[in-house]
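**Q** Below are the sequence and a predicted model; questions follow.
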Amino acid sequence: MSEVDSVARPADAVVSAWFRARRQIGEEDRGEIIAALHALLRHQARLGWWLDRHGRKDTHRNRLLAFLTLVERRTPEQMKRLFSGAKYAPTILTEAEHTLVVKLHGGTVDSPAMPEDVRLECPDWAAEALRRRFGAEFATEMAAMLTVPPLDLRVNTLKSTRETALRALREIGLPAEPSAVAPSGIRVTARLSLGRLPGLKDGAIEIQDEGSQLVALLVAARPGDRVVDFCAGAGGKTLAIAAQMQNKGRIIACDVNEGRLKRCAERARRAGLQNAETRLLASETDRWVKRHKASFDRVLVDAPCSGTGTWRRNPDARWRSPQEQGVDNLAALQGRILASAARLVKPGGRLVYATCSLLAEENEDRVAAFLAAHPDFSVVPLAEVAPQLTGSAHPDYLSLTPARHDTDGFFAAVLQRAATPAPSGDAA
Ligand SMILES: C[S@@+](CC[C@H](N)C(=O)[O-])C[C@H]1O[C@@H](n2cnc3c(N)ncnc32)[C@H](O)[C@@H]1O
């Protein structure tokens, strides 16, 4: 917990490194440890509020004591037994800690005296923008982001079928259903250790939120197309798009982060892709972009963002990122990436702008600014690209939220470049 709090990396990365150094911990125990860590993170503001109320410091150990007492409802006697000081057990409770446990005993973690942002675990930096975005739905949306997400899988149709994958999951007793909308998606509602998932190691299935699968679907890449995934990261969407293209044509996964691209290449190999390659960029204006202007049928910009849509899945994210970068800086970077990546799009081709943010500043506002500066691009309404995607929170764009769609929060806009290049030649 202390490493998760003090290191700027996402909790999942910290936890993976922690487990790598402790290989003796079995799969089942790992699952339990991660679930407990996520539960603590989902209650962080409320536990801090209770500690403050009792005049205690918000230390990791105090937070754990408050969690076990208020959330897991352990009695003071149970706590004494748990904190036994034995091998692998935490050290014995001090007198002051025991007093805290006794004071908290019998209470609940939610209190009517708490400010709403504390009760909803909403960090200060995002509260105003999220209230603007959700209005009367703010509390419902925030509450949905405090629930435990399901496990979503995408079947790699180059290696398997959804029916085969569903059968394999059910054979080992997992409750698995086809995803509500994503054609290759599967939803597993039980908690399990990932090592048990059939097909994961050989690339027949990938772990991918249904919302992310739907963004890849909106790219609507056809077999034989030339496609760029401009912010490909470790390739979650690259893999989905390449499979959509039936391994035909070419998809180039670009990113400024070499480590992520390496991971993307590994995953592509495992998934059996022959139509994908990676390209490391020095920045969004890397010379490679200019050299390949107007060469691609589809360009996806899955932009770096505040990640507000992923709080349900990554409960530590709300306590981290934009404090480091600032939403204004992110929005400026998104604008620069979009403008540069747009140069790659052929006349008549499409640019898809996506984020896992819920904030208008990173979504609709970025698209509006881009369109104002690029009159040769226009919106292709969602109903035209994917009529099966009904219920989006925006009439023209894909806009998913955990409360409305039971997916991560995602935004995607499909923009088409006019078939005839603009006379100003702004593709240079
Ligand atoms: C939202 S993540 C991409 C997730 C990925 N598409 C997936 O589906 O797994 C955004 C990515 O943008 C990359 N990025 C950040 N700044 C960039 C830039 N200036 N040009 C291109 N990519 C950038 C980051 O390294 C990060 O991998």
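**A** Structure's in. What do you need?

**Q** Could you check how far residue 270 is from the ligand?
**A** Going from residue 270 to the ligand by Cβ to the nearest ligand atom, to the nearest Å gives 15 Å. Just so you know, the C-beta spots here come from the backbone N, C-alpha and C atoms, and that holds for glycine as well.

**Q** check contacts around that residue.
**A** 201-203 (Cβ atoms under 8 Å, 6 or more residues apart in numbering).

**Q** Out of those residues, which comes closest to the ligand?
**A** residue 203 (15.2 Å; Cβ to the nearest ligand atom).

**Q** Enumerate the residues of the protein near the ligand.
**A** Residues of the chain lying close to the ligand (Cβ under 6 Å from any ligand atom) are 212, 230-234, 236-237, 255-257, 260, 281, 283-284, 302, 304, 337.

**Q** change it to 5 Å
**A** 231, 233, 236-237, 255-257, 260, 284, 302, 304 (Cβ under 5 Å from any ligand atom).

**Q** Got a PyMOL select line for the buried ones in those residues?
**A** One line in PyMOL is enough to select the buried ones among the residues of the chain next to the ligand; burial here means 16 or more other Cβ atoms under 10 Å:
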select buried, resi 231+233+236+237+255+257+260+284+302+304
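
**Q** can the residues of the chain next to the ligand go into JSON lines with extra columns for distance to residue 48, pLDDT and secondary structure?
**A** Formatted as JSON lines, those follow (distance: Cβ to Cβ, whole Å; pLDDT from 0 to 100; DSSP: H, G, I helix; E, B strand; the rest coil):
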{"residue": "231", "distance to residue 48": "34", "pLDDT": "98", "secondary structure": "coil"}
{"residue": "233", "distance to residue 48": "32", "pLDDT": "98", "secondary structure": "coil"}
{"residue": "236", "distance to residue 48": "33", "pLDDT": "98", "secondary structure": "helix"}
{"residue": "237", "distance to residue 48": "36", "pLDDT": "98", "secondary structure": "helix"}
{"residue": "255", "distance to residue 48": "36", "pLDDT": "98", "secondary structure": "strand"}
{"residue": "256", "distance to residue 48": "35", "pLDDT": "98", "secondary structure": "coil"}
{"residue": "257", "distance to residue 48": "33", "pLDDT": "98", "secondary structure": "coil"}
{"residue": "260", "distance to residue 48": "33", "pLDDT": "97", "secondary structure": "helix"}
{"residue": "284", "distance to residue 48": "38", "pLDDT": "98", "secondary structure": "coil"}
{"residue": "302", "distance to residue 48": "33", "pLDDT": "98", "secondary structure": "strand"}
{"residue": "304", "distance to residue 48": "28", "pLDDT": "96", "secondary structure": "coil"}
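
**Q** one step back: out of the contacts of residue 270, who's the most crowded?
**A** Neighbour counts for these peak at residue 203, which has 20 neighbours (criterion: other Cβ atoms under 10 Å).

**Q** pretty sure residue 139 is touching residue 121, no?
**A** No: contact status for residue 139 versus residue 121: not in contact, 11.6 Å apart, counting by Cβ atoms under 8 Å.

**Q** Between those two, tell me which one has more neighbours.
**A** residue 121 (20 against 15).

**Q** quick one: the more buried one from the ligand, how far?
**A** 22 Å.

**Q** A strand includes that residue, no?
**A** No: secondary structure of residue 121 (DSSP: H, G, I helix; E, B strand; the rest coil): coil, not part of a strand.

**Q** Could you grab the helix/strand/coil label for the closest residue to it other than its chain neighbours?
**A** Leaving aside its sequence neighbours, residue 121 sits nearest to residue 45 (Cβ to Cβ, 6 or more residues apart in numbering; 4.8 Å). Three-state assignment for residue 45 (three-state DSSP): helix.

**Q** quick one, what contacts residue 45?
**A** 117-118, 121-123.

**Q** quick one: which of those residues is nearest the ligand?
**A** residue 123 (19.4 Å).

**Q** Need phi/psi at that closest one.
**A** phi -70, psi 150 (degrees, to the nearest 10).

**Q** before we move on, what about residue 105?
**A** Dihedral angles for residue 105 - degrees, to the nearest 10 - are phi -50, psi 130.

**Q** okay but residue 183 is in contact with residue 214, surely?
**A** No: between residue 183 and residue 214 there is no contact under Cβ under 8 Å: 9.8 Å.

**Q** pLDDT weak spots in the protein?
**A** Along the chain, segments meeting pLDDT under 70 span 1-11, 14-15, 18-19, 27-28, 321-325, 421-428.

**Q** 90 - rerun?
**A** Within the chain, the ranges that satisfy pLDDT under 90 run 1-37, 87-89, 189-198, 316-317, 319-326, 390-391, 420-428.

**Q** Which residue ranges make up each domain of it?
**A** 2-119, 151-207, 210-417 (automatic domain parsing).

**Q** residues contacting residue 220?
**A** Contacts of residue 220 by Cβ under 8 Å, 6+ apart are 244, 298, 350, 385-386, 414.

**Q** now residue 178
**A** Per Cβ under 8 Å, 6+ apart, neighbours of residue 178: 162, 166, 185-187.

**Q** Tell me the buried residues within the residues you listed.
**A** Using 16+ other Cβ under 10 Å, the buried ones in the contacts of residue 178 are 162, 166, 185-187.

**Q** Keep only those of those that are in strands.
**A** 185-187 (DSSP state E).

**Q** of those residues, closest to the ligand?
**A** residue 185 (14.5 Å).

**Q** count of neighbours near the closest residue to the closest one other than its chain neighbours?
**A** Counting by Cβ to Cβ, 6+ apart, residue 179 is the residue found nearest to residue 185 once chain neighbours are left out, at 2.8 Å. Under the neighbour criterion other Cβ under 10 Å, residue 179 is assigned a count of 22.
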